[in-house]
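[1] Got a predicted structure plus its sequence, pasted below:
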Amino acid sequence: MPQPRQPAAARRRGARRTSFPIDRSRVARELGFEGLCENSLDAVADRDFAIEFCADAALVMVHLSRLAEELVLWASPRFGFVRCRIAT
C-alpha cells in the first residue's frame, strides 16, 4: 500500500517520513504517543535551544579560562603586574 504524499509545503521544508512501509498510527499507539506528528521537523526542532546554550556556555568558559591564566601569569613574581591582597 503506497503512502500518501506529503503536502508540498512539508516537502519544501525538508520534512521526510521513513522509507520503510510501516503503519505510523499503529507504531504511535504501541509506543504510547498521543498522536502522529505530521511534520518531522516539529518533533525535533525544539532541541536547538539546548545545543545553543551548550555552545554559548563553552565559549564563556574558554574566555574565563584565558582570563584566569592571564591573572596567574600577571601575579607571578616574574611579572608582578597584579598584586592580590590576602584577606585577614
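    Now that the structure is in, tell me what you want to look at.
[2] C-alpha from now on. contacts and neighbour counts both.
    Noted.
[3] so after the lowest-mean-pLDDT helix or strand in the chain, what's the next helix or strand?
    Lowest by mean pLDDT, DSSP states H and E among the helices and strands of the chain is helix 8-12, with a mean of 44. The helix or strand immediately downstream of helix 8-12 is helix 24-31, counting by DSSP states H and E.
[4] contacting residues around that following helix?
    With contact meaning CA atoms under 8 Å, 6 or more residues apart in numbering, helix 24-31 is reached by 34-36.
[5] among these, who's most crowded?
    Counting neighbours by other CA atoms under 10 Å, residue 36 comes out on top of the contacts of helix 24-31 with 14 neighbours.
[6] and that one, what are its phi and psi?
    phi -90, psi 150 (degrees, to the nearest 10).
[7] What residues does it make contact with?
    Applying CA under 8 Å, 6+ apart, we find residue 36 in contact with 24-25, 28.
[8] pLDDT averaged over the longest helix along the chain, what's the number?
    Longest helix of the chain, by residue count under DSSP state H: helix 48-75. For helix 48-75, mean pLDDT is 94.
[9] So which bits of that helix are buried?
    Buried residues in helix 48-75, counted by 16 or more other CA atoms under 10 Å: none are found.
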